[in-house]
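*Asks:* With the sequence up front, the predicted model follows.
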Amino acid sequence: MLPSLDRKAQTVWPGLSNELLLAELDETIQFVLPYPTQGEKGPHRTATVLSKHSLAHQSLADPLGLDTLSAAPRG
């Protein structure tokens, strides 16, 4: 586990084990939802959504930057 990631998680959830953190993150799936363009020349639009929003996830999302994840560019 990366030390900075563990340190950030510990600030909101003291005593959180790496195994439990990984289990929590493993249950989180990121979806990228495509939307049609607006007009003929409009940009392609997407919305990025995380699947899980339990209390534990909500407390970890901001410190770990989970809500700011973006999908890898696809060619």
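*Replies:* That came through fine. Numbering: from 1, shown residues only.
*Asks:* how long is stretch 33-41 from one end to the other?
*Replies:* 20 Å (CA to CA, to the nearest Å).
*Asks:* do the same with stretch 6-25
*Replies:* 12 Å.
*Asks:* Can you tell me what sits against that stretch?
*Replies:* Stretch 6-25 has contacts (CB atoms under 8 Å, 6 or more residues apart in numbering) with 1, 54, 56-57, 59-60, 63-64, 66. For glycine as for every other residue, the C-beta is placed from the backbone atoms N, C-alpha and C.
*Asks:* Need those in TSV (columns: neighbour count, pLDDT and distance to S17).
*Replies:* Formatted as TSV, these follow (neighbours: other CB atoms under 10 Å; pLDDT from 0 to 100; distance: CB to CB, whole Å):
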residue	neighbour count	pLDDT	distance to S17
M1	12	56	10
S54	11	73	17
A56	17	74	13
H57	18	72	16
S59	15	77	15
L60	22	79	13
P63	15	79	17
L64	19	78	15
L66	16	70	18
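*Asks:* and the residues you listed as TSV, adding distance to L21 and secondary structure?
*Replies:* Compiled in TSV, those are given as follows (distance: CB to CB, whole Å; DSSP: H, G, I helix; E, B strand; the rest coil):
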residue	distance to L21	secondary structure
M1	7	coil
S54	13	coil
A56	9	helix
H57	11	helix
S59	12	helix
L60	8	helix
P63	11	helix
L64	9	helix
L66	12	helix
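*Asks:* With respect to T37, which of the residues you listed is nearest?
*Replies:* L66 (28.3 Å; CB to CB).
*Asks:* How about the contacts made by the closest one?
*Replies:* Contacts of L66 (CB under 8 Å, 6+ apart): 25, 28, 50, 57, 60.
*Asks:* tell me the pLDDT at P73?
*Replies:* Note on P73: pLDDT of 47.
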